[in-house]
Structures are given as structure tokens and as C-alpha cells.
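Enquirer: starting from these lines, generate the structure:
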Amino acid sequence: MIVAAALCAMFFAPAPEKSNTPVQLSISRTLAVSSVLLLLALLVVLPIVSQNSSNSSLMLFDSFYRIGASVFGGGHVVLPMLENEVVANGWVSLDDFLAGYGITQAMPGPIFTFAAFLGGVNQLDIPVLAGAGISLIAIFLPSFLLINCCFYFWQNIAANQAVQKALLGINASVVGFLVAAFYQPILTNAIDEYWQIVLVLVLAIVLQRKLFPAWLLVVASGLIAGLLL
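Expert: Down below sits the predicted model:
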């Protein structure tokens, strides 16, 4: 879907305005090449090794590494993938998954830190701190490896008009992924009564008008739900 969006934009989108802000990055060719080779090697080797091993820590690392390597765009796009890996496999209960997502919204930083919560509440008999550390490192590692490669080559391709137009389509497709992630698993699993719909709408208006910080709204919604349930 991302590739299709990029191709559509390359053929039909108008040329974007040129940026006047140069990007100066100092990444060596050796670091860029070694990073992308390690990224690809782990993508191939980890699934093979984990499928032929009963090591729970290795399975956890493999799942979160693959998720981190395949996500593009906003962090919420990762939610369906996380649910498919940890909930569908019985590693984390759906209630814990949704509760952790709510808590993550009150925390600063990227939503990828949700991985630490999921690793900590795992049902694979992995200790809490170990599971959290494995999951957090695994989901962020592909980004660090990939960004080395992208930084090295970006200065050469950033001015290419076809690449700029493709990015317009890719960014638009991410909006669709975010809508899909909001519907499944959040909307379909977290809202099943009318009062919850009203609560969501009210909190959305309050958040949009910036009357209260997001973390306070998360706490408030939890207290309201506790009183109503």
C-alpha cells in the first residue's frame, strides 16, 4: 500500500516546493553499509533461529525487531502489528494490551515505549525487567540501523523531484494507516457502551482546545470509568 501510494504521487502529484534548509549529516559509508547489512541479516536470521528454538526471550526479541523494522509513519501504525504478535499469540492479554496503550498516552516520548510495557507484562515466564528491556531494545534497534543508511544516502537523493513526490504519497498513506489503527484494535475493542462514546467525544474536544494536558485526561478518563463501571 505504501509503494502504491508512492507511485500514484510520482505520476499524479504536483511538484512540491523546494526546501531552503540544507541537511548536513556526517555518516561514513562504512557505517551506513554495515548498518543496513546488519538490519537485513537480523531480519532473515532471527525468524529462522526463533522458530527452531524454544527460547522465549529470543521469540520476544524476534517479534519486536520485525515490528520495528516494518513500521512506517506515525507510531500508532504499530498497534495492529503489536496486537497480532503479542495478543494473538497469547503472550499478553487484550485487557493488558489496551490498558498499557492508555498508560502510554500519558507518558512523554514515542509510542514505541509501549513495547517496554508489553514486554514487562508478558506471559512467557520472562522476568518483568528482562522482558521490558528485550522488547524496548528490539523495537528501536531497526530504526537506529536504518537511519544510519538513510542519513548517508539522503543528501544525494533529497533533491530528486521524483523522491519528493513519492514522499507526498507515502505521507498521505500513513494518515490512512492511522485511521485504520484507530478503528482496529482501539475502537473495536475499547468502546462497547454509549457512555464510552460520549466520554471519547468530550475528551477529544477538551484535548483539541488544549484545556488540559493529555496525561491528565488519561488519568481523568480512568477515574470516570472506575466510577461508572
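Enquirer: and the closest residue to Glu85 other than its chain neighbours, what helix or strand is that in?
Expert: Nearest non-adjacent residue to Glu85, counting by CB to CB, 6 or more residues apart in numbering: Ser63, 4.5 Å away. The way it works is simple: take the backbone N, C-alpha and C, and place the C-beta from them, glycine included. Ser63 is part of helix 56-70 when elements are defined by DSSP states H and E.
Enquirer: packing partners of that helix?
Expert: helix 29-51, helix 78-82, helix 114-120, helix 128-157 (3 or more CB pairs under 8 Å, 6 or more residues apart in numbering; DSSP states H and E).
Enquirer: out of those, flag the one nearest Val174.
Expert: Ranking the helices and strands packed on helix 56-70 by proximity to Val174 (CB to CB) places helix 78-82 first, at 11.8 Å.
Enquirer: what residues does the least confident helix or strand in the chain by mean pLDDT touch?
Expert: Lowest on mean pLDDT, DSSP states H and E among the helices and strands of the chain sits helix 188-190, with a mean of 77. Identification of contacts with helix 188-190 by CB atoms under 8 Å, 6 or more residues apart in numbering yields Leu94, Leu98, Gln196.
Enquirer: same deal with stretch 71-83?
Expert: Outside stretch 71-83, the residues that reach it (CB under 8 Å, 6+ apart) are 2, 67, 70, 94, 97, 101, 110-112, 114-115, 118, 139, 170-171, 173-174, 177-178, 180-182, 184-186.
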